[in-house]
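In: Need a 3D model of the sequence below.
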Amino acid sequence: MMKRFFYPSLIAYLSFISLSSGQNIHTFTDTVINVSCNHLHLGSATVRVTNVVHPPYSFQWSNGLYNTNVTASTADNLEVGTYTVTITNSQDGDLATVIVNVAENPCEISAEAMFTPNGDGYNDTWFIDKSEYFPDAWLLVYNRLGQKVHEQKGLYVAWEGKDLLGAPLPDASYYYIFYPNRSDKGKLKKGCVSIVH
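Out: Numbers count the residues shown, from 1 in each chain. Sure, this is the predicted structure:
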């Protein structure tokens, strides 16, 4: 039986297959955390027996992890890949197999909606979270008339709200296009940023 779950807060996707051979072990993969953007954090997964009839159960993971006398097993520090978990019940000789897929969450920028380049040392530049993962990026910023007011290529350098000639821009909303890779125009992120002095 193939089941699919999506956890928006974790951006975690998994699929698993439970195979039985005349046994009564029912399983559920209740948590999968994917490997984070650029492998800053490894993944984890938890598999449990849902109809605990005749414990104890043993869990053998394909990465070598082994738990016995438990009804659930959690594997940490998982790299991207597919893992097989074999669950056995020594009392009844029952057997079940679960397949867990751990993916990698994509790196995506998150840009501040506003900044205040007034020279007070607080929020003077525009912050774009995770921009450091895109060394070949291309950033374009336009005013409401569609005129280009700022452009950067390569690793993002915090923008101070100045135009192409270095003059401070007025308070307004500006529209940006961020290409993670300037050689791939098919992938981009658009948004709006406000300058407030």
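
In: dump the residue contacts of the residue at minimal distance from the centre of the chain.
Out: For the chain, the residue nearest the mean C-alpha position is N105 (3.1 Å; C-alpha atoms, centre = their mean). Taking C-beta atoms under 8 Å, 6 or more residues apart in numbering as the definition of contact, the neighbours of N105 are I11, N34, V35, S36, C37. In this view, the C-beta of every residue, glycine as well, is placed from N, C-alpha and C.

In: closest to R48 among those?
Out: For R48, the nearest member of the contacts of N105 is N34. The distance, counting by C-beta to C-beta, is 19.1 Å.

In: Please report how far that closest one lies from T27.
Out: Distance, N34 to T27, by C-beta to C-beta, to the nearest Å: 20 Å.

In: can you check C37 too?
Out: Using C-beta to C-beta, one gets 30 Å for the distance from C37 to T27.

In: For these two, indicate the residue with more neighbours.
Out: Set side by side, C37 and T27 show more neighbours around T27, with 23 against 15, by other C-beta atoms under 10 Å.

In: Where does the record place the domain boundaries for the protein?
Out: What automatic domain parsing lists as the domains of the chain is 2-102, 110-195.

In: quick one: stretch 70-80 to chain centroid distance?
Out: With C-alpha atoms, centre = their mean, to the nearest Å as the basis, the distance from the averaged C-alpha position of stretch 70-80 to the chain average is 18 Å.

In: Now it: average pLDDT?
Out: The average pLDDT for stretch 70-80 rounds to 94.

In: One more: stretch 102-109?
Out: If you average the per-residue pLDDT over stretch 102-109, you get 93.

In: chain center to it: distance?
Out: Distance of stretch 102-109 from the chain centroid (C-alpha atoms, centre = their mean) equals 4 Å.

In: cool, stretch 31-42 as well?
Out: Distance, centroid of stretch 31-42 to centroid of chain: 7 Å (C-alpha atoms, centre = their mean).

In: Equivalent analysis for stretch 166-177, please.
Out: Averaged over its C-alpha atoms, stretch 166-177 has a centre that lies 30 Å from its chain's centre (C-alpha atoms, centre = their mean).

In: Span of it from start to end?
Out: Taking C-alpha to C-alpha, to the nearest Å, the first and last residues of stretch 166-177 lie 20 Å apart.

In: contacting residues around it?
Out: Counting contacts by C-beta under 8 Å, 6+ apart, the residues outside stretch 166-177 that touch it are 111, 117, 139-144, 149-150, 161-163, 188-197.
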